[in-house]
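Asks: the following comprises the amino acid sequence and a computationally predicted model.
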Amino acid sequence: MRIWYEKLPEHPSNLWPLLNVKLKSKTSFQPALALVDSGASISVLHPDIAETLGFSTKILGKPKEAGESASGSYQSRTLPETIDTNICGSTFPIKFTVIDNKSLIWPCILGEDSIFQLARIDFWKFKGYFEIELRKDLN
Amino acid sequence: MINTSLGKILEKYSTGWISVSQDHKNVFAWGKTLKSVLKKLEKKGNPEGYLMKVAKSYSNYIGV
């Protein structure tokens, strides 16, 4: 599937690989935009999105680990269960980490441990699109 | 063709959360908080909108 990059305000020369995803927990369902991030070692949910899926920071408890990213330091909490994540029509259970970095602007980040394990992704940034070919041996 | 619809929508806001249509061309709801967006969506019959956080800058994110 070919997906066109998005131009966002302020720096229109920057192109962003964004995907529509549908997140489903045991108690809630929430469509959101996700950044496909080959530079992210983990997959991330924004705390507000996690809360709508039934995982408030109160429920998740104290952060277990702290990390450093290019966007600054952050504390993290790993969800106790996977979130069924619909990507391009197929659903996969994904383990997400909630991070509380104030500069986090993405509702969802699909990193190396999720989408890059679930699909072949070819980035054709100079052509303005990326292509996702979901694995057929998983569903 | 590179998508510019979402960028044009986001230009109109500087904070909060937004729910956009599947093609990112229409706004279903905007609010200062995600909870307020979800309430507005509920009043509209819960159209399948995709949530995005509005930011003053989209340039400083690199990765986690």
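Replies: Okay, I see it. Numbers count the residues shown, from 1 in each chain, chains lettered A, B, ... in the order given.

Asks: now the helices: where do they sit in the chain?
Replies: You didn't say which chain, so I picked chain A. A:47-52, A:57-60, A:115-118 (DSSP state H).

Asks: my question was about chain B
Replies: B:5-10, B:34-43.

Asks: out of those, which is the most enclosed?
Replies: Stretch with highest mean neighbour count among the helices of chain B: helix B:5-10 (a mean of 19; mean count of other CB atoms under 10 Å in any protein chain shown). Where C-beta positions appear, they are placed from N, C-alpha and C, glycine not excepted.

Asks: how far away from the center of its chain is that one?
Replies: 9 Å (CA atoms, centre = their mean, to the nearest Å).

Asks: quick check, A:I94 in contact with A:T85.
Replies: Yes. With contact defined as CB atoms under 8 Å, A:I94 reaches A:T85; the gap is 4.6 Å.

Asks: how close does A:G128 sit to B:S21?
Replies: Remark: distance between A:G128 and B:S21 (CB to CB, to the nearest Å) = 21 Å.

Asks: show me the shaky parts of chain B.
Replies: Applying pLDDT under 70 to chain B flags residues B:60-64.

Asks: interface residues of it facing chain A?
Replies: With CB under 8 Å from any CB of the partner chain as the criterion, chain B comes near chain A at residues B:1-4, B:6-7, B:10-11, B:17, B:20, B:22, B:24, B:33-34, B:38, B:48-53, B:55, B:57-64.

Asks: give me the common contacts of A:I94 and A:T85.
Replies: A:S114 (CB atoms under 8 Å, 6 or more residues apart in numbering or on different chains).

Asks: confidence score at A:L19?
Replies: On pLDDT, A:L19 comes in at 95.

Asks: how close does the residue most central in space within chain B get to A:F130?
Replies: Residue closest to the mean C-alpha point of chain B, counted by CA atoms, centre = their mean, is B:I18 at 2.7 Å. Using CB to CB, B:I18 is found at 23 Å from A:F130.

Asks: hang on, the earlier thing: as TSV, the helices of chain B with distance to A:E10 would be great.
Replies: Formatted as TSV, the helices of chain B follow (distance: least, CB to CB, whole Å):
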stretch	distance to A:E10
helix B:5-10	9
helix B:34-43	22
